[in-house]
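Enquirer: Here is my input; please provide its structure:
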Amino acid sequence: MRILGLDFGEKTIGVAVSDENNRLALGLETLRREQEQNLKANVHRIGDIIKEYNIGKIVLGYPVNMDGTLSERCKKTVLFKERLERTFKKTEFDMQDERLTSVQAEKAMREAGVRKSKIDFFIDEQAAVLILQTYLDRINSRGRLL
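Expert: A predicted model of the protein is given here:
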């Protein structure tokens, strides 16, 4: 089973998926959020992705502040995780510290010559890739395969 990585933001949700061996994170898409409280369409799309890619685990980026304290976004991310857990009961969940992933994603895209308008469009997807890749590297360095 594959692993899904999510970067849960205020306006978008970046989505990445692992390869079949859970070694490499691949960008999938960016889900637009119409309203902070109404996530029905986003949850439905995540369900479609779970089925299409045979997802066994979802890893959410956890937006801890640089000093290690919990941000307001952390609380909202936990609430989103709990909603996903209630909806997708057979799926495992984990959190991954996401400090600086958006900064790293933007820097990498700028260095690759990506235009500003494209960076703004793909940054959350690329942040999800970094979140998931960090998680995959961590679990694989321990010799644990899923």
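Enquirer: CA atoms for contacts and neighbours, from now on please.
Expert: OK.
Enquirer: For the lowest-mean-pLDDT helix or strand in the chain, list every residue counted as buried.
Expert: Least confident helix or strand of the chain, by mean pLDDT, DSSP states H and E, is helix 101-111 with a mean of 73. For helix 101-111, burial by neighbour count (16 or more other Cα atoms under 10 Å) applies to 101, 102, 105, 106, 109.
Enquirer: could you list every residue that touches the third one?
Expert: Residues touching residue 105, when contacts are defined by Cα atoms under 8 Å, 6 or more residues apart in numbering, comprise 123, 126, 127, 130.
Enquirer: now do 10 Å
Expert: 111, 119, 122, 123, 124, 125, 126, 127, 128, 129, 130 (Cα atoms under 10 Å, 6 or more residues apart in numbering).
Enquirer: Tell me where this protein has strands.
Expert: Under the criterion DSSP state E, strands of the chain are mapped to 2-8, 12-18, 25-32, 55-62, 92-97.
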